[in-house]
Each structure stands twice: as C-alpha cells, then as structure tokens.
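What shape does this take:
(one chain, ligands or ions: 1)
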Amino acid sequence: MARPYQLYVDQTYKFVSDVVRGCARVLEVGCGRGDVARLLGREGISVTAIDLKLVDSRPSPGVKFVEADFLRFEDAPFDAVIFTSSLHHIHPLQAAIDRAHRLLAPGGTLVAEEFDLDAPRPLTARWYYDMQELLAAADLYPAERVDPPSNDDPRMRWLDAHVHTPPLATGRQMLTAIASRFAIRDTTRCPYLFRYLCNGLPDDERGGKIAAHVLMTEQRRITSAALDAVGLRIVAMSQ
Ligand SMILES: C[S@@+](CC[C@H](N)C(=O)[O-])C[C@H]1O[C@@H](n2cnc3c(N)ncnc32)[C@H](O)[C@@H]1O
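Here you go, the predicted structure:
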C-alpha cells in the first residue's frame, strides 16, 4: 500500500506520463519535491524541473533541477511544459502562459494538473470539512491544518482558507489564459480534495490506506454527481 505522498505523486504521474509519452524534452514548472520529474526521467525523458525554491534537488537520471522564476526562465525549446499544481500560483497568469508558449517547440504540448478554486459548492466544501474534522478528531490529521471555521457557510470557509497575495487563479481564469495562446485539446475534472488530506495524514501504510479510501470516496461521489470535481486537468497544443 502506497503512503499518502506516494499516492499523490502517482496520480499526477499517471496523468502526465500518458500525455508526454514520446516527448524527448520536457519542462516541469513548480516541481516541489521533484518526484514526478524523477519518475519521468526514469522513462528516458530529458526533464528540466524548475521551482522558485527547490526543496530536494538530489540528482536523478534524466532530470536537471533548476531553482528559478519561471517567468524569467529561458532555454532551448521543449516538447512539453507541465504545470503540477503550480499554474494557479503564478502571477501574472497571462505572463506564465506567454512564457510557456515561448518555451515550447511549434506543436508542443502544455499540460496542467491544477485545482479549480471556484469549483466547490457548499455541499462539496461541507464534505471536505467533515473529512478534515473527523480525521483530526481521530488524531490522524493535524488540528492546525484544519481550515478555521471562520464562517458558517462552508464555501466561504473554503474561500477564506485560500486567500492569497497575489490571488490564486481560478479554473476559468486558467482556461481563458491558455485558450488565448493554445488550442485546448482536452479538459477533465477530477478528484483533488484528497490531495490536501494526503499532505497531513500519517506518512505510513495506515495513512496510505486512508488516503486511498478518501480518493475512492471522492471519485465515487463525483461520478454520482454528489460532489463537485475540484481537480482540473488541461491539455493544450501550441499553435
Ligand atoms: C502548490 S506547490 C506544488 C508543488 C508540486 N508540484 C506538488 O504538486 O506538490 C506550487 C509550487 O509552484 C512553485 N512556484 C510558484 N510560482 C513559481 C514561479 N514563478 N516559478 C517557479 N516555480 C513557482 C512554488 O514554489 C511551489 O513549489
């Protein structure tokens, strides 16, 4: 059974690797701990993984880690540029899309695995906070990670917990910015809330079982339209 962090990485890797299969040179933007880049590098893809602040740049086959601001990053053209939960953070958003376009070879692919800040309606936010609070009550999730119940309305609680300077981009804003420069080939809504819980669950097999269960529940509820899908996956082609 995978640990929570491994489940998080595997879900991203499965999606991204399917899209970039056959690419020779790939850029991952906002690589965090770099584990998606490491898995892609092991497939024989030449990966450049950049982040404003690298937290783990241990060498790995096929991967070059670069600590840099994507908005100023220059390199030879890539076959694919991947954003892994990073595009919604980069400000200004349009500058990030223009930079991705500039760094891609003609016909290259933009891949984004993001979340849509606007997606959760009250029932979805309620479910998410019920999960957080239940796990915290069972000492399986740090109480300090539970978003403050500042508001009776769970959607407002969610929005309050995501106030950021500069503001995070919403799904609609990301799609509009991408469409201004790229031909969008595919947009998929998928589970994402489990990822927040993965980041706080015990980093062991029991935590992994809980994370897998939360993911399964989130997916099942999305399928039955009982929950809004918060994850947003976008594939677009450079024109
Ligand atoms: C939410 S974290 C996601 C990290 C990792 N991809 C993951 O899924 O766990 C967003 C990452 O984007 C990085 N980031 C934000 N703005 C950036 C920029 N302008 N250039 C490079 N990286 C950036 C942050 O430093 C952070 O590591």
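
Report the buried residues of the strand ranked longest in the chain.
In the chain, with assignment by DSSP state E, the single longest strand is strand 104-115. Buried residues in strand 104-115, counted by 16 or more other Cβ atoms under 10 Å: 104, 108, 109, 110, 111, 112, 113, 114, 115. Where C-beta positions appear, they are placed from N, C-alpha and C, glycine not excepted.

what would the residues you listed look like in CSV with pLDDT?
Formatted as CSV, these follow (pLDDT from 0 to 100):
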residue, pLDDT
104, 98
108, 98
109, 98
110, 98
111, 98
112, 98
113, 98
114, 98
115, 97
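
right, and out of the residues you listed, which lies closest to the ligand?
Within the buried residues of strand 104-115, the smallest distance to the ligand is 7.8 Å, found for residue 113 (Cβ to the nearest ligand atom).

pretty sure residue 47 contacts residue 39?
No: counting by Cβ atoms under 8 Å, residue 47 does not reach residue 39; the two are 9.3 Å apart.

Neighbour count for the two, which is higher?
residue 47 (29 against 20; other Cβ atoms under 10 Å).

Adjacent strands (with direction) for the helix or strand hosting the more buried one?
Here residue 47, judged by DSSP states H and E, is contained in strand 46-51. When sheet partners are counted by DSSP bridges, strand 46-51 sits next to strand 25-29 (parallel), strand 63-67 (parallel).

Which SSE is immediately downstream of the last one?
Spelled out, that is strand 63-67. For strand 63-67, the following helix or strand on the C-terminal side (DSSP H and E) is strand 78-84.

Any chance you could list what contacts that next one?
12, 16, 19-20, 23-32, 36, 48, 96, 100, 103-105, 108-114 (Cβ atoms under 8 Å, 6 or more residues apart in numbering).

relative orientation of that strand and strand 104-115 in degrees?
10 degrees (axes from the mean of the first three to the mean of the last three Cα atoms, to 10 degrees).

Now strand 78-84: average pLDDT?
Mean pLDDT, computed over strand 78-84, is 98.

Over to stretch 155-168?
96.

JSON lines for the strands paired with strand 46-51, including mean pLDDT and mean neighbour count?
Shown next, in JSON lines, are those (pLDDT from 0 to 100; neighbours: other Cβ atoms under 10 Å):
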{"stretch": "strand 25-29", "mean pLDDT": "98", "mean neighbour count": "25"}
{"stretch": "strand 63-67", "mean pLDDT": "98", "mean neighbour count": "17"}
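
Perfect, that will be all.
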